[in-house]
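Peer 1: here is the input, now give the coordinates:
(2 chains)
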Amino acid sequence: AQRVTQPEKLLSVFKGAPVELKCNYSYSGSPELFWYVQYSRQRLQLLLRHISRESIKGFTADLNKGETSFHLKKPFAQEEDSAMYYCALTGGFKTIFGAGTRLFVKA
Amino acid sequence: GAVVSQHPSWVICKSGTSVKIECRSLDFQATTMFWYRQFPKQSLMLMATSNEGSKATYEQGVEKDKFLINHASLTLSTLTVTSAHPEDSSFYICSARVGGLAKNIQYFGAGTRLSVL
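Peer 2: From the prediction side, this is the model:
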């Protein structure tokens, strides 16, 4: 069965501190992993996908198949990073989302 | 980037009435659209997958007769909540999937807040 787990509901860090949002998944095949972000009063939007292997807004995420993880990282958090972050997995024709982690970056 | 328009953004209706929500891809053709439901402070729950020209595929536990989905064209999918009741009050979000190299990326509508009195 497909499952995406984001263990932290809320993550609070100070501006300039490193941040890591955890995501673990369960899937029997080869999934495609994504991070979506929802800023206040905005719609959900793609942040990055694992096959692109790129850095967006300073965020990176590496797919670790051994640990079935796709953690989102940023070395220096900014206040504008405060948002709701969802890890998502696409397997076959279906995409499922984790419960989400709210990141709060304090000044 | 791809834009998905969802309408209305907020609707209030009386119990027993039906409500239709539209989801349009404005600048691309979407062969597949998705409908999600989101409860307060919870994640998105996939309700159904809508493919153009064919019947929607509903997730387990979602009543197909209650949540009617029509995907008549490559740019429009509609969700009709029939005989709505207060427990149907929720935030409904649609998304559309782009084809090609970005085939699994989803673009989301802004959502529709349904309040059933």
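
Peer 1: could you count how many residues lie near residue 92?
Peer 2: Reading this off chain A. 9 (other C-beta atoms under 10 Å in any protein chain shown). Yep, even glycine has a C-beta here, placed from its N, CA and C like the rest.

Peer 1: meant chain B actually
Peer 2: 23.

Peer 1: how far away is A:P7 from B:S25?
Peer 2: Distance, A:P7 to B:S25, by C-beta to C-beta, to the nearest Å: 34 Å.

Peer 1: what about these two, which has more around it?
Peer 2: A count of neighbours by other C-beta under 10 Å puts B:S25 above the other of A:P7 and B:S25, at 25 against 11.

Peer 1: bridged to the more buried one, which residues?
Peer 2: In this entry, B:S25 is beta-bridged to B:V4, by DSSP bridges.

Peer 1: from what I see, it and B:A2 are in contact.
Peer 2: Yes. Using C-beta atoms under 8 Å, B:S25 is in contact with B:A2, at 6.8 Å.

Peer 1: report the contact partners of residue 5.
Peer 2: By default, I'm working from chain A. A:T5 sits next to A:C23, A:N24, A:Y25, A:S26, A:G98, A:A99 when contact means C-beta atoms under 8 Å, 6 or more residues apart in numbering or on different chains.

Peer 1: that's the wrong chain, I meant chain B
Peer 2: Residues near B:S5 by C-beta under 8 Å, 6+ apart: B:E22, B:C23, B:R24, B:S25, B:L26, B:G109.

Peer 1: distance of the last one relative to A:L48?
Peer 2: This points to B:G109. B:G109 is 21 Å from A:L48, by C-beta to C-beta.

Peer 1: perfect, that will be all.
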